[in-house]
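S.K.: pasting the sequence and the predicted model now:
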Amino acid sequence: MFRVADIKYAVRRMDWFMMASVFILICVGISFIYSAAFRGDSSTVYPFYKKQIGWALVGLAVYLGVMTFDYGLLRRYVWGLYGMGLVLLLLVFVVGTRVHGAYRWLNVGVNIQPSELAKLSTIVALAAYLGRPDLDVYSPRSTITALVIVGVPFLLIAMEPDLGTAMVLVPVTLVMLFMAGVPWRILALILLAGAMLMPLAWLGLDEYQRNRIMVFWDPASDPLGVGWNKIQSEIAVGSGGLFGKGFLNGTQNILGFLPRTVAPTDFIFSVIAEECGFAGSVGLLALYGWLVGRGSSIALVARDRFGQLLVTGIATMLFAHIFVNVAMTIGMMPITGLPLPLVSYGGSFMVSTMLALGLLQSVYVRRYRY
């Protein structure tokens, strides 16, 4: 139960600038999800935006609730939460819903994506482990234990297969290890080992994943198949010009050249870039830059090591999603299927992102001891 005094305390001390940026990004997302589903007549708009409004309200309730909750109490339950995340990932293979050849969803009345929750529970567990005052960060054993904590959910998510989501844990882990004080030589060995394992990783990829990488290097090799989304996304972004074609006037989207199955989700940035142009795209990225920057600032004022590492992991996760999503829509990275935080359509991702941002606020609210 939340006490009224706790709620008042949290509201007085919360980061209102962060709250404002979160609200604006959600509104931008709902508006362009509407646009991505627009077909030239309001009577034919698909109800994605209505569902997103519902998920945003759920996410907002989660955000405010987590902000009121003292993040320090998570250390009591961290391994239970971590274990629950692993159980949910395992259940995906047993009773999960198969979509496009992948097991990523559990149906509990609504479809949820356990990998999003497991990703966050892994960050919490890693922050709790690396934040232990008795941990010897100079010991290779400590680093190996940290890699095991991340490696188990990484492998389970990659096996779904959802390599894009799994790969987000890589920069998160490296940045958190660095912030924890792990020596450069150990981090360099991790990077070297990762590079040496890449040929084996290539062999373990599904055929469609290999095709995406090959098309990244040569889109013309399959312009009407695997390369279609990449080519049409680049056309949409490039055709927006300086100020765009105007809201609801994106021809790549409305005419269906940018596939309607992915326009509201993975390629929502392409819709925004076409309709708002370079200026609108820069404005959106500035909002994201402010949000991630606020996360970095919160890490500096966190009251303890656990809070600092938790905020660092969440901020890195958000940055990875933003960077990879935008890079893939403009042709700078292979298509990975990573959504854009707070803007792309999706219930599980919206709620898990708001949960993560609520934790940032919880750390900020309690930046000084009572």
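M.R.: Yep, it's here. Residues are numbered from 1 along each chain as shown.
S.K.: can you give me the helices for the stretch 201-350 of the chain?
M.R.: 207-217, 228-239, 251-254, 268-301, 305-329, 347-365 (DSSP state H, counting those that start in this stretch).
S.K.: which of these sits closest to residue 126?
M.R.: Nearest of those to residue 126, taken as Cβ to Cβ: helix 305-329 at 6.5 Å. Heads up, the C-betas are built off the backbone N, CA and C, glycines and all.
S.K.: show me where this structure has strands.
M.R.: Secondary structure of the chain (DSSP state E): strands at 97-99, 102-107, 111-112.
S.K.: okay, now the sheet partners of the last one, with direction.
M.R.: When sheet partners are counted by DSSP bridges, strand 111-112 sits next to strand 102-107 (antiparallel).
S.K.: the inter-axis angle of the strand it pairs with versus helix 347-365?
M.R.: Strand 102-107 and helix 347-365 meet at an angle of 80 degrees, taking axes from the mean of the first three to the mean of the last three Cα atoms, to 10 degrees as the criterion.
S.K.: turn the helices of the stretch 201-350 of the chain into CSV, columns for distance to residue 113.
M.R.: Compiled in CSV, the helices of the stretch 201-350 of the chain are given as follows (distance: least, Cβ to Cβ, whole Å):
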stretch, distance to residue 113
helix 207-217, 18
helix 228-239, 20
helix 251-254, 24
helix 268-301, 17
helix 305-329, 14
helix 347-365, 4
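S.K.: returning to what we had before: can you redo the strands of the chain as CSV with mean pLDDT and distance to residue 46?
M.R.: CSV is the format used below for the strands of the chain (pLDDT from 0 to 100; distance: least, Cβ to Cβ, whole Å):
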stretch, mean pLDDT, distance to residue 46
strand 97-99, 69, 18
strand 102-107, 77, 20
strand 111-112, 84, 17
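S.K.: in TSV: those, plus distance to residue 354 and mean neighbour count.
M.R.: Below are the strands of the chain laid out as TSV (distance: least, Cβ to Cβ, whole Å; neighbours: other Cβ atoms under 10 Å):
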stretch	distance to residue 354	mean neighbour count
strand 97-99	23	11
strand 102-107	19	18
strand 111-112	14	18
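S.K.: in a markdown table: these, plus distance to residue 261.
M.R.: Output for the strands of the chain, formatted as a markdown table (distance: least, Cβ to Cβ, whole Å):
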| stretch | distance to residue 261 |
| --- | --- |
| strand 97-99 | 11 |
| strand 102-107 | 14 |
| strand 111-112 | 15 |
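S.K.: closest one to residue 20 among the helices of the stretch 201-350 of the chain?
M.R.: helix 268-301 (9.3 Å).
S.K.: pLDDT of that closest one, averaged?
M.R.: Per-residue pLDDT over helix 268-301 has a mean of 95.
S.K.: so, low pLDDT: which residues of the chain?
M.R.: 1-2, 40-45, 99-102, 219-226, 369-370 (pLDDT under 70).
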